[in-house]
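S.K.: Structure of the sequence below:
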Amino acid sequence: MGKINGCLKCLFIFFNVLFGIIGCVLVYGTIKATAFSLQMSAFGAPGLGWAWVFAIGVLGISSLGIYAGCSENTLALKIFAGFMVAGMVIMMIFGIIIVVGRNKLRDSFHASTEVKPFMEDQEMRSVINGLQESLHCCGVVSPKDWGSDIPASCECNPSGMGGLYGGRDSCISRPAGTTGPNQIYEQTCGDILLFFINLVCNITMGFCFGFAVTALLGLLVSLLMIHQVKRHDSAGGASYAMKSY
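M.R.: Numbering: from 1, shown residues only. Predicted coordinates:
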C-alpha cells in the first residue's frame, strides 16, 4: 500500500486532472482571444499578458499536483501547497481590485467630464452611433453628450419594440435648444454598458473567489497528505489508513 490514503489520493489526482483540463481550455481560449485583442489594440484594448500567465499557471500547477499525488513526494506536495497559498492570496487580491475598479468605472460613466473626450473622437462617435441603433439608447450619460445636434440614431418610435430589455421603447422629447429627431430614447447607452460591465465583473469576481476557496481546499488536502507521508516514514514504512467513523 502507498503512504497516502487511497481515496484521498484518488480525489486529489482527480481534481488536479480536472483543473488540468480547465487549464488547457483557458490556454485555447487565450489563443483565440489574442487574435481579437490584436485587432482591438488600435482602440486601446488591454493586452492579455495576465491571461496567459493565469492559463499557463493553472495548467502547470495542476500538472505538479498530479505528479505530487502519484509519486507521494513530500517536496512536490510542499511546493504544491506553497502555490495554493500564493494562488489563494492572488485570487483574493484580484477579486478586491475588480470590485474597486468596477466602482471607479461606474462613477466615471456618470461624469460628463469623462465622456467628453470620447465624444470628440470620430471613431468613438461612430461606435456609439451603432450602439444607439442596436440597443435603442441615446448618449452615454445623457443625450446632451451630442451637443446641439442629436443624431438620427437616437430617434425613438413610441410603438417600437426591442432594445436590450425588450418591451416598448421609452421615448422623451429632445432637449431644448437642440436639433434632430423630435422623440429620442430615454434610456442612455451608459446605463446599458454598465449593465454588461456589472455582469462581467460579477462573473469574474465569482471566478476569483471560487478559485480562492478551491486553493484553500487544495492547501488543506495537500497538508493532510504531507502529514500522512511523514507519519508513514516515521512509522518505519507501515502503511497509513484513515480511521473509519
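S.K.: Same question for stretch 93-108: list its buried residues.
M.R.: Along stretch 93-108, these residues count as buried under the neighbour rule (16 or more other C-beta atoms under 10 Å): 94-95, 98, 102. For glycine as for every other residue, the C-beta is placed from the backbone atoms N, C-alpha and C.
S.K.: got it, and stretch 64-75?
M.R.: Those would be 64-69, 72, for stretch 64-75 by 16+ other C-beta under 10 Å.
S.K.: Would you mind giving the buried residues of stretch 93-108 as a markdown table with pLDDT and distance to residue 53 added?
M.R.: Shown next, in a markdown table, are the buried residues of stretch 93-108 (pLDDT from 0 to 100; distance: C-beta to C-beta, whole Å):
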| residue | pLDDT | distance to residue 53 |
| --- | --- | --- |
| 94 | 87 | 12 |
| 95 | 87 | 17 |
| 98 | 86 | 16 |
| 102 | 82 | 22 |
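S.K.: after the helix or strand of the chain with the lowest mean pLDDT, next one along is what?
M.R.: In the chain, the helix or strand scored least confidently by mean pLDDT, DSSP states H and E is helix 112-119, which has a mean of 66. Using DSSP states H and E, the helix or strand that follows helix 112-119 towards the C-terminus is helix 122-135.
S.K.: Dead centre of this structure: give me the residue that sits there.
M.R.: With distances taken as C-alpha atoms, centre = their mean, residue 204 lies nearest the centre of the chain, 2.9 Å away.
S.K.: Validate this expectation: it resides in a helix.
M.R.: Yes: counting by DSSP: H, G, I helix; E, B strand; the rest coil, residue 204 is found in a helix.
S.K.: pretty sure it is touching residue 97, no?
M.R.: No: proximity of residue 204 to residue 97 does not meet the contact threshold set by C-beta atoms under 8 Å, at 10.2 Å.
S.K.: who touches stretch 209-228?
M.R.: Stretch 209-228 is touched from outside by 3-5, 8-9, 11-12, 15, 65, 68-69, 72, 74, 77-78, 80-81, 84-85, 87-88, 91-92, 95, 240, with contacts defined as C-beta atoms under 8 Å, 6 or more residues apart in numbering.
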